[in-house]
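# Test case, fold it:
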Amino acid sequence: QVQLVESGGGLVQPGESLRLSCVASGFTLDNYRIGWFRQTPGKEREGVSCISGSSIWYAESVKGRFDISRDNAKNTVYLQMSSLKPDDTAVYYCATDFFNTLCTGVPSGYDYWGQGTQVTVSS
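Have a look, this model is predicted:
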């Protein structure tokens, strides 16, 4: 059974950091693309970052602040978020699919999703 579980969200002040984790089970994530997305109420889900093999993609809004990485031994993908801003407040999701290895920030086409973890950046 394919499962993705996010963790690591929380409440932080502007300028602080958080590391999100996405633990995969039921498949080996090294073989597939893993995307991070975020969503706020009333807005569409947007791509934040993606890793697929040696390919990495970041949304322009997070370039230079977020860093995606993968630990194959733990079957886990991380999203290190630094210099957080209030605009980064959202529910963050990780997702994967088994048919397309191209890293994109487009939510459609990702078939499996985690339950999400809330990130709140506020003073």
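
# Bridged to the most centrally placed residue in the chain, which residues?
Centroid-nearest residue in the chain: W36, 2.3 Å away (criterion: Cα atoms, centre = their mean). In this entry, W36 is beta-bridged to S49, C94, by DSSP bridges.

# In contact with it, which residues?
Contacts for W36 were tallied using Cβ atoms under 8 Å, 6 or more residues apart in numbering; they are 20, 22, 47-50, 68, 77, 79, 92-94. Where you see a C-beta, it was placed from the backbone N, CA and C, and this is true even at glycine.

# Return the closest of those residues with respect to Y58.
Taking Cβ to Cβ as the measure, S49 is the one of these closest to Y58, at 5.0 Å.

# check contacts around the closest one.
35-36, 56-59, 62, 66, 68, 79, 105.

# repeat that with 7 Å
Contact partners of S49, counting by Cβ atoms under 7 Å, 6 or more residues apart in numbering, are 36, 57-59, 62, 66, 68, 79.

# With S25 instead?
Contacts of S25 (Cβ under 7 Å, 6+ apart): Q3.

# do the same with R33
For R33, counting by Cβ under 7 Å, 6+ apart, the contacting residues are 50, 52, 96, 100-101, 103.

# repeat that with 6 Å
For R33, the contact set (Cβ atoms under 6 Å, 6 or more residues apart in numbering) comprises 50, 52, 101, 103.

# any idea how far it is from G109?
In this view, R33 and G109 are 10 Å apart by Cβ to Cβ, to the nearest Å.

# cool, F98 as well?
Computed with Cβ to Cβ, the distance linking F98 and G109 is 11 Å.

# and if you look at Q118?
Taken as Cβ to Cβ, the spacing of Q118 relative to G109 amounts to 25 Å.

# Repeat that for V5.
Relative to G109, and taking Cβ to Cβ, V5 is found at 21 Å.
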